[in-house]
Every structure is written in C-alpha cells, then in structure tokens.
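Chemist: Dropping a prediction and its sequence here:
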Amino acid sequence: MPVLNRIASFSADMKTWRRHLHQNPELSFDCHNTAAFIAERLREFGVDEVHMGIAKTGIVAIINGTGEGPTIGLRADMDALPILETTGADHASTIPGKMHACGHDGHVTMLLGAAKYLCETRRFAGRVALLFQPAEEDGAGGMVMVKEGVMDRFGVTQVYGIHNAPNLPFGHFYTNPGALMASVDTACVTITGRGGHGATPHECIDPVVALIGMVGAVQTIIPRNVYALDEAVISVTMVHAGTASNIIPEEATFTATIRCFKPAVRALLKKRIFEIVEGHGLAYGVQTKVDYDWGYPATINHPAQAAFATDVAGEVAGAEAVDGDSPREMGSEDFSYMLEARPGAYLFLGTGPGAGLHHAAYDFNDEAAPIGASFFARLVERAQPVV
C-alpha cells in the first residue's frame, strides 16, 4: 500500500503548513506561535479535544474513534535550532538566528496530516492522543510532558514517533527492536590554578598543563575501561584557556559529550571522568570542579511494538524499503522518556539527498510528509481496528 489516497489529495496543504512553520521557527519551550498554529489546524480538522499549555507550549489533542478501545499516542517535536539559515529558499526562516534545521517542522506536518485523515475517517477503535512536544533540542520537553502526567491523564497505552533522515534513501524506514539511539551526558570541567607570567612558571600553578593531562586521560576511558562490544563515545568538544601568549591563566575549562547505550556503562563513564579529574587535580596541584549534566537516556524500542511498526511501514513503503534491524546510532532523542513510560517504537524515515541535520543549509523534503502521515494513520488503524 503506498501513500493513502486521501492524504495524497491534501499533500499541497501539508506543504503549505510545513513551509509556514519553517518560516516561523521557535526555540525550546517558547513555541507559542507554533502551538497556536497547530491548535488552529486541529480545530479545523474537528479533533475532539485540544489540551494546551502542557510542558509550557505543548499540545495533546484527542481524536475519538468508533467504539471502545485503548489510546495510542503519536508524537511530533516542534522546536527549532539557534542557527542562521543559508538555504536561500523562498520559505526560509524569517527570524535571523533561528531555523528548523532538524526537520521538526516536517514532523509536525506529518502528524497534522495524519490528524486530518483520522478525523475524517475514524476507522479505528478507542482514541488517538496526538502529542506535540516542545524542547526536544534543549530542555527535555519529552521528560517534562511525561512528568506532567500525559500518559496517565490521557490513558496512553503505547506511543510512536518518527524522525526524518536526510541522505538515506527516500521513503525508506529504519528501526530496530532495541536500543536505537544513545544516551547523552555532558561534563563541564573547570580547573583553577595560580596565574602569572609565562616567563616564571615555577611561581605559578599552571591549569593548562593539568587540562592537557586530563583530556588525554579521558580519551583512554573507552578503550581501557569499556568492553569493546559496548559501544560508547566520549568527545571533548570545547577547550578554553588563556588570554595572551605571555600569561599563564588562572583557569582552564573543557567540555565533553558522553554517549552510550547501557545504564551500567553510563554510570561507569561518569565515575571514571570524576576519578580522572580529581586524580589529576591532586597530581598537578590544581582545584577542580565537574558539572555533570545527566541528559537524555538511550532511546530503546520495545521489541513487539518495533516489529509491529516495521510491518506497518512495509504496508506504506513496501517491505523492500523497510529495515527493521538497522544499526543503532550515537545521536540522542528525548522520545526516550516516552519509551521509558510506555511501550512503543521510534523510526527513521529517509528523505533523500540533502544537507544533514543541524546544518545551516538543511531543509525538510516536503515529499516525505505524506509518507510519514500515512504511516501514522495506518499505525492507528492497524493497532486499534474497528471490530
């Protein structure tokens, strides 16, 4: 089964919605205009309930089906990124320094398309809860929605989401029955010594030398402390020290991103970073401070739901265009909190050649939106058929 005919018939409307969202990006939890636009469309479609102000600007909308049944959750993130767009497109961002560089405008459009179709047809039992989530990029909006009780409040029994994937074959779906994306933590290390003249280092306590030792030692954690088959990454991404060539600074800092899949490995990485920083602090005679941000957990699909989603994706894209056992990746996603709260699955949808995610030249491929909307719609109809 290809794209549903009814969804294909309003694909031009979907493109209009998506490009409006692209022109008007908002960051983190401050998605007020985005939420207002989404709510207006949902009310036009005839959804049964629209609940706003969840996780500040999030929305939960309810569509009632035909007859009694459970509630299935479908999620779309809706926040943008602090990037100056360089696409030059007619529908480029109108807000300098903000753009939809991760395709969340496309994700919202997919879910709006499914909502329109499901409101018209209602060929499912129970209810659908449409979860429009802010702050995926920064702020863990998924965690906030879960903590605010959306799963219990709306009786969600299972939950699903999609992320677009540029430079993967157009219209192909990818997922797996377990860990799909990594956890992400951040360590910010501050090293304080005693500054002074570069000509008299013996009168100083040099934090730069200590920093170099720490960064080198941190890079040994993965190959020497983590089992080789337990994938993990530590990347030191920022280093700051000094103001002039003849001054030994008082302070130096570095920041690292830490990613893995298993809770035990995650705990080990944190433990080793603290040990290395503290040990080098003593060895070099500097003061140290580690600010450790325990970020998003790993995105772990539930096997039964992942298999079901793979089967549904095959209906929409064709079995040959679906990989239900795709490799996991080191990126992260706060849909992980929803998967910790309820069974479900997360999938990638290939959108063909183009600039990568989080790039200033990125733009969502509008031709992919009807495919994602059809997947969401068929997921509901298959999961909760009318008896």
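Modeler: Yes, it's here.

Chemist: Find the nearest non-adjacent residue to Phe173, please.
Modeler: Ala313 (3.9 Å; Cβ to Cβ, 6 or more residues apart in numbering). For every residue, glycine as well, the C-beta is placed using N, CA and C.

Chemist: How many neighbouring residues does that neighbour have?
Modeler: Residues near Ala313, counting by other Cβ atoms under 10 Å, number 29.

Chemist: what does Glu44 give?
Modeler: 11.

Chemist: Show the pLDDT at it.
Modeler: Glu44 carries a pLDDT value of 98.

Chemist: show me where the stretch 201-350 of the chain has strands.
Modeler: Secondary structure of the stretch 201-350 of the chain by DSSP state E, counting those that start in this stretch: the strands cover 232-241, 247-248, 251-260, 287-293, 299-300, 322-323, 344-350.

Chemist: Let me have those in CSV, extended by mean neighbour count.
Modeler: Below are these laid out as CSV (neighbours: other Cβ atoms under 10 Å):
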stretch, mean neighbour count
strand 232-241, 15
strand 247-248, 18
strand 251-260, 21
strand 287-293, 14
strand 299-300, 25
strand 322-323, 20
strand 344-350, 25
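
Chemist: Any chance of TSV for those, columns distance to His51?
Modeler: Listed next are those as TSV, based on distance: least, Cβ to Cβ, whole Å:
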stretch	distance to His51
strand 232-241	38
strand 247-248	57
strand 251-260	34
strand 287-293	30
strand 299-300	25
strand 322-323	33
strand 344-350	20
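
Chemist: For Arg6, which of these is the nearest?
Modeler: strand 344-350 (19.5 Å; Cβ to Cβ).

Chemist: The helix or strand that that closest one is followed by packs against which elements?
Modeler: Per DSSP states H and E, the first helix or strand lying C-terminal to strand 344-350 is helix 369-383. Under the contact definition 3 or more Cβ pairs under 8 Å, 6 or more residues apart in numbering; DSSP states H and E, helix 369-383 sits against helix 5-9, helix 11-23, strand 71-77, helix 104-121, strand 156-165, helix 303-317, strand 344-350.

Chemist: now helix 369-383 against strand 71-77, angle please.
Modeler: Counting by axes from the mean of the first three to the mean of the last three Cα atoms, to 10 degrees, helix 369-383 lies at 160 degrees to strand 71-77.

Chemist: Helix 369-383: which residues count as buried?
Modeler: For helix 369-383, burial by neighbour count (16 or more other Cβ atoms under 10 Å) applies to 369-381, 383.

Chemist: Repeat that for stretch 36-43.
Modeler: Phe37, Ile38, Ala39, Arg41, Leu42.

Chemist: In PDB, list the C-alpha atoms belonging to that stretch.
Modeler: Extracted in PDB, the C-alpha atoms of stretch 36-43 (Å, rounded to 0.1, in the frame of the first residue of the first chain):
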ATOM      1  CA  ALA A  36      -1.300  28.300  18.200                       C
ATOM      2  CA  PHE A  37      -0.900  27.400  14.500                       C
ATOM      3  CA  ILE A  38      -1.100  23.700  15.300                       C
ATOM      4  CA  ALA A  39      -4.200  24.100  17.500                       C
ATOM      5  CA  GLU A  40      -5.900  26.200  14.800                       C
ATOM      6  CA  ARG A  41      -5.400  23.400  12.300                       C
ATOM      7  CA  LEU A  42      -6.500  20.700  14.700                       C
ATOM      8  CA  ARG A  43      -9.800  22.500  15.400                       C
END
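
Chemist: tell me, what residue is most central in the chain?
Modeler: With distances taken as Cα atoms, centre = their mean, the chain has Glu333 as the residue nearest its mean C-alpha position (3.1 Å).

Chemist: Roughly how far does that residue sit from Pro169?
Modeler: Using Cβ to Cβ, to the nearest Å, Glu333 is found at 21 Å from Pro169.

Chemist: what's the answer for Leu4, then?
Modeler: Counting by Cβ to Cβ - Leu4 and Pro169 are separated by 21 Å.

Chemist: Neighbour count for those two, which is higher?
Modeler: Legend: neighbour count by other Cβ under 10 Å for Leu4 and Pro169, higher for Leu4 (21 against 15).

Chemist: Give the full set of residues in contact with that one.
Modeler: With contact taken as Cβ atoms under 8 Å, 6 or more residues apart in numbering, Leu4 is in contact with Tyr117, Pro370, Ala373, Ser374, Ala377, Arg378.

Chemist: could those be laid out in a markdown table, adding distance to Pro303 and pLDDT?
Modeler: Listed next are those as a markdown table, based on distance: Cβ to Cβ, whole Å; pLDDT from 0 to 100:
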| residue | distance to Pro303 | pLDDT |
| --- | --- | --- |
| Tyr117 | 28 | 98 |
| Pro370 | 29 | 98 |
| Ala373 | 26 | 98 |
| Ser374 | 24 | 98 |
| Ala377 | 23 | 98 |
| Arg378 | 20 | 98 |
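
Chemist: Within its sheet, name the partner strands of whatever helix or strand Ala187 lives in and how each one runs.
Modeler: For Ala187, the host element (DSSP H and E) is strand 183-192. Using DSSP bridges, the strands paired with strand 183-192 are strand 251-260 (antiparallel), strand 287-293 (antiparallel).

Chemist: which residues sit against that strand?
Modeler: 207, 210-211, 214, 250-261, 266, 269-270, 273, 277, 281, 286-298, 332, 336.

Chemist: thinking again about what came up before, out of the buried residues of stretch 36-43, flag the one nearest to Asn176.
Modeler: Ile38 (30.1 Å).

Chemist: distance of the closest one from Thr186?
Modeler: On the measure of Cβ to Cβ, Ile38 and Thr186 end up 30 Å apart.

Chemist: ok, now Val108?
Modeler: 27 Å.

Chemist: can you pull the contacts of Tyr284?
Modeler: Tyr284 touches Gly193, Ile205, Asp206, Pro207, Val209, Ala210, Gly213, counting by Cβ under 8 Å, 6+ apart.

Chemist: Also Thr34?
Modeler: Thr34 neighbours (Cβ under 8 Å, 6+ apart): Leu21, Asn24, Glu26, Thr57, Met78, Asp79, Val108, Pro134.
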